[in-house]
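*Asks:* here's a sequence, model it:
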Amino acid sequence: EASPADGLKRLQEILALETLPRRIECYDISHIQGSETVASQAVLLDGVPGKSEYRKYIINQERPDDFASMEEVLTRRCMRLDDNNRPDLVVIDGGKGQLGVAVRVWKNFDLNIPLCALAKREEEIFVPRRSEPLVLPRRDSGLRLLQTVRDEAHRFAVSFHRLRRKKRTLAEK
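*Replies:* Next up, the predicted model:
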């Protein structure tokens, strides 16, 4: 079994990162048919979930649109960037489209924080300025780390979404 440190080195290698990605943030959007849209930020610190760094976002968009929701959460995150919480890598839960949104937000803020997107079905890794996704062996330690942070972001978003739905249902009774 590969250690988190192995996974970090592997990610640095496959994504051609200048430094070891010690702080990895991942963003996910959650809603059911567009209602109660929320987003989550999960964080790996040295390859291990740093749960005190996780964040939940209530999305203000009126109409459900995953791209607009992703743009909103990333914009809000960028507005709170400082040297103490600057990620070494940002992972977007999704594919080329979601990555494109992140690239646009990065341009708006003139950021050079490395980005990638992890698409669920085939576990393809999309990176900016590269048309073809990276496909790694299922057991690759770098892929495993990306899956860990993506799954954490997903779990966190879904549990927050459930809580919001439950509260709304109770309020309606």
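
*Asks:* summarise which helices and strands the helix or strand bottoming out on mean pLDDT in the chain is packed against.
*Replies:* Every helix and strand in the chain was compared by mean pLDDT, DSSP states H and E; the lowest is helix 141-172, with a mean of 85. Packed against helix 141-172 by the contact rule (3 or more C-beta pairs under 8 Å, 6 or more residues apart in numbering; DSSP states H and E) you find helix 4-14, strand 23-32, strand 35-45, strand 48-49, strand 55-58, strand 89-93, strand 115-119. For glycine as for every other residue, the C-beta is placed from the backbone atoms N, C-alpha and C.

*Asks:* again, only using 10 Å
*Replies:* Under the contact criterion of 3 or more C-beta pairs under 10 Å, 6 or more residues apart in numbering; DSSP states H and E, helix 141-172 touches helix 4-14, strand 23-32, strand 35-45, strand 48-49, strand 55-58, strand 89-93, strand 115-119, strand 124-126.

*Asks:* between the ones you listed, which one is closest to Arg164.
*Replies:* Closest approach to Arg164 among the helices and strands packed on helix 141-172 (C-beta to C-beta): strand 35-45, 4.6 Å.

*Asks:* for the closest one, give the mean pLDDT please.
*Replies:* What strand 35-45 shows for mean pLDDT is 90.
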